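1. Sequence plus predicted model, see below.
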Amino acid sequence: MEHVQTTLWVVALLVALAFVFDFMNGFHDAANSIATVVSTGVLKPGQAILFAAFFNFVAIGIFHLSVAATVGKGIVQPGVVDTHVVFGALVGAICWNVITWYYGIPSSSSHALIGGIVGSVIAKSGASSLIGAGIWKTVVFIFVSPLLGYVLGSLMMVVVAWTFRRVRPSRIDKWFRRLQLISAGAYSLGHGGNDAQKTIGIIWMMLIATGYVSASDTAPPTWTIVCCYMAIGAGTMFGGWRIVKTMGQRITKLKPVGGFCAETGGAMTLFLATALGVPVSTTHTITGAIVGVGSTQRASAVRWGVAGNIVWAWVLTIPASAFVAAIAYWFSLQIF
């Protein structure tokens, strides 16, 4: 009986730590949802935060739990996960998020979590304990999601420019200030739908490993779903202003029409990835879309040096968070 009580306390603490990560995910990635709509002046920062947080949570009723299933059951072999692995994964992801937030680098919370899981599992039992299909699907979309965002964002910009080529710029600006509310809402839906499910997935993984949920269950407990969507929405409400500046203005200067095209291209990419059950980076996606929009004007409109620094952060995210997770896994063995 004492062992069960101890395990329950450990599980409760790890669930709380997962909610901290989810909150930080919303906090860290809020910029992805609101940077363009704030930088174009369509909404004030406070309005944009509430707007994005609302749509983050509304996503709970729209998307299936395909991404949660990938994270919870499709990355690590059954029987390998334990509380030490989950602790290491969450600490690795949280540490990387704090570092990149502090320096204003729009890195991926999603890939930090995946990197944390990978590092913790390898520290325990080696790479053979990972499920190759789930890992490769995630890795491939590191490249596919920004590329698809780039293509869709630039195509949207070209189509809009051609369609409204004879309309006065002032009128276009007025129309797209309104339309950008729709595109920002759609992107926030995609952000909530894909990102909240990653935390649902790791909690589900832990509950299965500790015996509180059956591996044969087709969905995690309802409380995990509701709490994770609430946590990411709350995180978004606190914003991430350092990253907003990078995303909204330092890569390229955006007008409402450009913000609409970038958000719409990014939202379409996220909707597709979530339907396929792929845990993608909302950061990668919106960055690709913003660069795509900027490059349709002229190549010099994009500050490629800033974009290049962001790419380096993408490359380092999984190995860096995996390294911290491996250390945290070893540390947890000493304290739990």
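-> Perfect, thanks for sending it.
2. And the helices in the chain?
-> 2-39, 45-58, 66-73, 83-102, 109-125, 132-163, 169-209, 222-238, 241-245, 256-276, 282-297, 304-335 (DSSP state H).
3. Nearest to residue 216, out of those?
-> Closest to residue 216 of the helices of the chain is helix 169-209 (CB to CB; 9.5 Å). To be clear about C-beta, it is placed using only N, CA and C from the backbone, and glycine gets the same treatment.
4. and the closest one with helix 256-276, angle?
-> 20 degrees (axes from the mean of the first three to the mean of the last three CA atoms, to 10 degrees).
5. Rounded mean pLDDT for helix 169-209, please.
-> The average pLDDT for helix 169-209 rounds to 91.
6. ok, now how distant is residue 277 from residue 212?
-> Counting by CB to CB, to the nearest Å, the gap from residue 277 to residue 212 is 23 Å.
7. Show the contacting residues for residue 15.
-> Residues counted as contacts of residue 15 (CB atoms under 8 Å, 6 or more residues apart in numbering) are 203, 206.
8. Check residue 333 too.
-> residue 84.
9. Which residues belonging to stretch 58-77 are considered buried?
-> Residues 58-60, 63, 65-76 are the ones in stretch 58-77 that count as buried (16 or more other CB atoms under 10 Å).
10. Check stretch 287-300 too.
-> Neighbour-count burial for stretch 287-300 flags 287, 288, 289, 290, 291, 292, 293, 294, 295, 296 (criterion: 16+ other CB under 10 Å).
11. For the fourth one, give its distance to residue 62.
-> Residue 290 sits 24 Å away from residue 62, going by CB to CB.
12. Name the spans of the stretch 1-150 of the chain whose pLDDT lies under the cut-off.
-> 1-6, 30-33, 104, 106 (pLDDT under 70).
13. what about 80?
-> 1-7, 28-46, 100-108 (pLDDT under 80).
14. same thing with the stretch 151-300 of the chain?
-> 238-254, 283, 297-300.
15. what's the neighbour count on the nearest residue to residue 20 once chain neighbours are set aside?
-> Taking CB to CB, 6 or more residues apart in numbering, and ignoring the residues beside it in sequence, residue 20 has residue 94 as its nearest neighbour in space, at 6.6 Å. Residue 94 has 26 neighbours, counted by other CB atoms under 10 Å.
16. give the contact list for residue 94.
-> Shown in contact with residue 94 (CB under 8 Å, 6+ apart): 17, 20, 21, 24.
17. nearest to residue 9, of those residues?
-> residue 17 (12.7 Å).
18. Is it correct that the closest one is in contact with residue 90?
-> Yes. Counting by CB atoms under 8 Å, residue 17 touches residue 90, with 4.9 Å between them.
19. Among the two, which residue is more densely surrounded?
-> residue 90 (27 against 18).
20. Next up, the contacts around residue 274.
-> By CB under 8 Å, 6+ apart, the residues touching residue 274 are 63, 66, 67, 190, 193, 194, 197.
21. pretty sure the third one contacts residue 278?
-> This points to residue 67. Yes. Applying CB under 8 Å, one finds residue 67 in contact with residue 278, separated by 7.0 Å.
22. number of nearby residues for the closest residue to residue 44 other than its chain neighbours?
-> Spatial nearest neighbour of residue 44, excluding adjacent residues (CB to CB, 6+ apart): residue 38 at 7.6 Å. Using other CB under 10 Å, residue 38 is surrounded by 27 other residues.
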